[in-house]
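*Asks:* Make a model of this:
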Amino acid sequence: MSFLRTCDGVLRRDLLKAGVLGGSALTLSNFLRWTHAAESKKSKATSAIFVNLAGGPSHMDTFDLKPDAPSEYRGEFNPIDTNISGIRISEHLPQLAKVADKFAILRGVSHSLAAHELGSKYMNTGNRPLPSLEFPGFGAIVAKELGSPPDLPPFVAVPTTTQRPGYLGVRYAALSTGQSPKAGQPFVVRGVSLERGLTVDRFDQRKALLKDLDTTFAGFEKDYDLLDGLDRFSQQAYDMISSPSAKRAFDISQESPNFAAPFGDSDFGQSCLLALRLVDSGVKFVSLQHGGWDTHNDNWTKLKTKLLPSFDTGLAALLAGLEQRGLLESTAVFVTGEFGRTPKINTQRNGRDHYPRAMFVLQAGGGVRGGQVLGASDAKGEAPLEQGFSPDDVAASFFTNLGIDPHKEYVTNTGRPVMLVRNGTSIPQLFG
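*Replies:* Residues are numbered from 1 along each chain as shown. Here you go, the predicted model:
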């Protein structure tokens, strides 16, 4: 297979241009009809929850165990059955095993960026990073495409996010809460809620001052993106502290004890509960950060005592809660880290190191058909068994699930045309 390389370093397959698929059972015309059908499928999802497992979780100890691999690969955990016959996951994910019918597992997702920052940019945008262009994260694109009610931000990050607005500008940046909610307590968004004597009247005075400053700056630079974005954030903050509906959306203490109990008391579990409330109130994109997965040392101890229990409890409760509220069909859920971890164990540190050649991704909600595994890694978990999936393909599928054309073209402020996902195609088996 030959490739063409552009000045950006982008690899473009000329396989389709040459029509070489005709030699296989899948003809070029059938292939194009197949992918078009998947990408043009009408989606049910109108909002999204993105779970970022910062640090890179081990695929070998979570959703892609290899119990028959040599001992230097397979690790300490055993697989257990789920509520779907034939699908097995880690013994330390018992709650997710009970709701496996609600999500799809993508195995054999593969790329080549083993550094945290680069891998995270790739998995949070669906585009391989370039030094010449900062691509917007998923949240910024969803905010631009789907909007939000007037008194709620379209993109909320709990407590923070690695996703940036990129070439779309600061107006599409996340509103980061700066902290995680606590069980049974009203949630206070730092810098937005009324605290320590800050009243709406005093905020009005500050807002008036900002308006004067903005008017002055506008005389010099009417189209300056940063000021436009700051104007939007200023108004958004005011709307949030003065809007009863926004306060209710962030107040997880209003949930009944019976509904809240399955989420547990961990920061991640309570963040999942908040995410559910936010999308139920009209927020279009919520990003959750669950870090600590960089397990070079004591991989299995950290996983079984800290990382997996909170992840298992929180995500399982989120999926079940979305379904209970009638929101799962309208909410696309995307779970990923920046890469997987080395199949071969680092015996000196009893851990696993960075490994982008094989990883897992979970998708659920909207038009995604749960209770299935797509793709596979080889017998030792070292690489996709066959072609595998790229981050670009996974991103294209996510956008498709939200009714956003992954090949839609934006234009940067320098006049450069850029597709949302340059090199990926939606995975048709995910849907229907």
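*Asks:* In this structure Thr313 contacts Ser266, no?
*Replies:* Yes: with contacts counted by C-beta atoms under 8 Å, Thr313 reaches Ser266, the gap being 7.0 Å. (Glycine included, C-beta is placed from N, CA and C.)
*Asks:* Neighbours of Thr305, how many?
*Replies:* Per other C-beta atoms under 10 Å, the neighbour tally for Thr305 reads 11.
*Asks:* That one and Phe63: what is the separation?
*Replies:* Using C-beta to C-beta, to the nearest Å, Thr305 is found at 19 Å from Phe63.
*Asks:* Kindly report the same for Arg88.
*Replies:* Arg88 sits 9 Å away from Phe63, going by C-beta to C-beta.
*Asks:* These two: who's more crowded?
*Replies:* Between Arg88 and Phe63, counted using other C-beta under 10 Å, the more crowded position is Phe63 (26 against 19).
*Asks:* Which of the three states applies to the nearest residue to the more buried one once chain neighbours are set aside?
*Replies:* Closest residue to Phe63 apart from its sequence neighbours, by C-beta to C-beta, 6 or more residues apart in numbering: Phe360 at 4.4 Å. Three-state assignment for Phe360 (DSSP: H, G, I helix; E, B strand; the rest coil): strand.
*Asks:* same question, the one 3 residues further on
*Replies:* Classification of Gln363 by three-state DSSP places it in strand.
*Asks:* Gln348 now?
*Replies:* On the basis of three-state DSSP, Gln348 is classed as coil.
*Asks:* ok, so what distance separates it from His296?
*Replies:* From Gln348 across to His296, the span is 10 Å (C-beta to C-beta).
*Asks:* Check Val361 too.
*Replies:* 22 Å.
*Asks:* who's in contact with the nearest residue to Phe138 once chain neighbours are set aside?
*Replies:* Spatial nearest neighbour of Phe138, excluding adjacent residues (C-beta to C-beta, 6+ apart): Phe50 at 6.0 Å. By C-beta atoms under 8 Å, 6 or more residues apart in numbering, the residues touching Phe50 are 138-139, 163, 285-288, 334-335.
*Asks:* Okay, and the residue nearest to the spatial centre of the chain sits in which element?
*Replies:* For the chain, Phe50 is the residue whose C-alpha lies nearest the centre (C-alpha atoms, centre = their mean; 3.1 Å). Per DSSP states H and E: Phe50 is located in strand 47-52.
*Asks:* Give me the sheet partners of that strand and which way each runs.
*Replies:* Take DSSP bridges as the rule and strand 47-52 pairs in its sheet with strand 285-289 (parallel), strand 331-336 (parallel).
*Asks:* so which of those gets nearest Gly381?
*Replies:* Each of those was scored for nearness to Gly381 using C-beta to C-beta, and the closest is strand 331-336 (16.9 Å).
*Asks:* Can you tell me the number of residues neighbouring Phe285?
*Replies:* For Phe285, the count of nearby residues is 31 (other C-beta under 10 Å).
*Asks:* Contacts only, for it.
*Replies:* Taking C-beta under 8 Å, 6+ apart as the test, what Phe285 contacts is 47-50, 138-139, 142-143, 146, 154-156.
*Asks:* cutoff 10 Å now
*Replies:* Going by C-beta atoms under 10 Å, 6 or more residues apart in numbering, Phe285 touches 47-50, 137-143, 145-146, 148, 153-157, 161, 163, 174, 275, 278-279, 332, 402.
*Asks:* do Glu145 as well
*Replies:* 154, 172, 284-285, 399, 402-405, 408, 420.
*Asks:* Same check on Pro309?
*Replies:* By C-beta under 10 Å, 6+ apart, the contact list for Pro309 reads 92-95, 264, 266, 268-269, 303.
*Asks:* Tell me which stretches of the stretch 51-200 of the chain form strands.
*Replies:* All strands of the stretch 51-200 of the chain, identified by DSSP state E, counting those that start in this stretch, fall at 79-81, 88-90, 103-109, 155-158, 175-176.
*Asks:* Could I get the ones you listed in JSON lines, plus columns for mean pLDDT?
*Replies:* Shown next, in JSON lines, are the strands of the stretch 51-200 of the chain (pLDDT from 0 to 100):
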{"stretch": "strand 79-81", "mean pLDDT": "98"}
{"stretch": "strand 88-90", "mean pLDDT": "98"}
{"stretch": "strand 103-109", "mean pLDDT": "98"}
{"stretch": "strand 155-158", "mean pLDDT": "94"}
{"stretch": "strand 175-176", "mean pLDDT": "87"}
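*Asks:* Tell me which of those is the most buried.
*Replies:* strand 155-158 (a mean of 27; mean count of other C-beta atoms under 10 Å).
*Asks:* overlap in contacts of Thr313 and Ser266?
*Replies:* Common neighbours of Thr313 and Ser266 are listed as Cys272 (criterion: C-beta under 10 Å, 6+ apart).
*Asks:* The two: which has the busier surroundings?
*Replies:* Thr313 (22 against 18).
*Asks:* quick one: pLDDT of the more buried one?
*Replies:* pLDDT for Thr313: 98.
*Asks:* swap in Thr347?
*Replies:* In this model, Thr347 carries a pLDDT of 97.
*Asks:* I figured it hits Gly75, correct?
*Replies:* No: the pair Thr347 / Gly75 is not scored as a contact, 11.7 Å apart, by C-beta atoms under 10 Å.
*Asks:* If you count surrounding residues, which of these two has more?
*Replies:* Each of Thr347 and Gly75 has its neighbours counted (other C-beta under 10 Å); Gly75 has more, 23 against 8.
*Asks:* For the more buried one, give me its contacts.
*Replies:* Gly75 neighbours (C-beta under 10 Å, 6+ apart): 58, 60-61, 65-67, 69, 90, 299-300, 303, 341, 343, 345, 352, 381.
*Asks:* now do Ser397
*Replies:* Contacts of Ser397 by C-beta under 10 Å, 6+ apart are 38-39, 104, 106, 126, 332, 334, 361, 363, 367-368, 374, 389, 406, 421, 424-431.
*Asks:* Measure how far stretch 92-106 is from the centre of its chain, please.
*Replies:* A distance of 17 Å separates the centroid of the chain from that of stretch 92-106, by C-alpha atoms, centre = their mean, to the nearest Å.
*Asks:* tell me what the host helix or strand of Arg248 is packed against?
*Replies:* Assessed by DSSP H and E, Arg248 sits inside helix 244-250. With contacts defined as 3 or more C-beta pairs under 10 Å, 6 or more residues apart in numbering; DSSP states H and E, helix 244-250 has these neighbours: strand 155-158, helix 225-242, helix 267-281.
*Asks:* Right, I'll leave it there.
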